[in-house]
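Student: need a 3D model of the following:
(one chain, ligands or ions: 1)
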Amino acid sequence: MLVPNVTIVGSRGTLAVDTGMGAKNGQAVMREVEKVSKGPELYLVAPHVHPEHDLGAGGFPARTKMLRSKEQEADIQETGLSTAKVANFSPAIGDLLQGAEFRKADISFEREQVVDLGGVRARVMAMGANHTKSDIAVRTLQDELQARYNRAQMASAVRAAYNEAQ
Ligand SMILES: [Zn+2]
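Tutor: Numbers count the residues shown, from 1 in each chain. Alright, predicted model coming up:
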């Protein structure tokens, strides 16, 4: 099963977003991550705690640093086991999720955590209740600079148009 995995690559480390369902899919994601990685550090984020996005974390190597927001950790405590009951949906899903557990956080954060990957910094943000009670979003700081740059350009275009109209 493919998942919309996003991988952010820096010179020193790589951040993978989304795990796939079960260790087998986590390993498949990891193989792809290895192909693009440039540095030894490895970070992992589950965008939310549903099994197909979180319970593949066991397929990632021991050196992986799992990031979780405090609210995601609380959500797992509260609803994790019932979420894993998805395993009962079909024998195939049950197979995939056999032995799957929510991976413990290596880095646990309140509102956000900036991860320096070497030349690229990722901002990992707790988004509160969206699709689940504890969604997480990831942006690179480059994205934010680009957005700011676009806004600045827009503002200067508006000013130029305004001045022209005077
Ligand atoms: Zn979901």
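
Student: show me what the lengthiest helix in the chain is packed against.
Tutor: For the chain, the helix that runs over the most residues, judged by DSSP state H, is helix 141-165. If contacts are counted by 3 or more C-beta pairs under 8 Å, 6 or more residues apart in numbering; DSSP states H and E, helix 141-165 sits against strand 121-128. Any C-beta I mention is one placed from the backbone N, CA and C, and that applies to glycine too.

Student: for the strand it packs on, buried residues please.
Tutor: 121-122, 124-127 (16 or more other C-beta atoms under 10 Å).

Student: likewise stretch 39-51?
Tutor: 41-49, 51.

Student: try stretch 138-154
Tutor: Going by neighbour count (16+ other C-beta under 10 Å), the buried part of stretch 138-154 is 138, 140.

Student: give the rounded mean pLDDT of it.
Tutor: What stretch 138-154 shows for mean pLDDT is 80.

Student: what sits up against it?
Tutor: 6, 8, 15, 17, 45, 47, 114, 120-125 (C-beta atoms under 8 Å, 6 or more residues apart in numbering).

Student: try 6 Å this time
Tutor: Applying C-beta atoms under 6 Å, 6 or more residues apart in numbering, the external contacts of stretch 138-154 come out as 8, 17, 45, 120-124.

Student: put together TSV for the residues you listed, with pLDDT and distance to Gly26 on each row.
Tutor: TSV is the format used below for those (pLDDT from 0 to 100; distance: C-beta to C-beta, whole Å):
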residue	pLDDT	distance to Gly26
Ile8	92	18
Val17	96	13
Val45	97	13
Val120	92	23
Arg121	94	25
Ala122	95	20
Arg123	95	24
Val124	97	19
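
Student: got CSV for these, with distance to Asp143 too?
Tutor: Converted to CSV, the contacts of stretch 138-154 look like this (distance: C-beta to C-beta, whole Å):
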residue, distance to Asp143
Ile8, 10
Val17, 13
Val45, 15
Val120, 10
Arg121, 10
Ala122, 9
Arg123, 9
Val124, 13
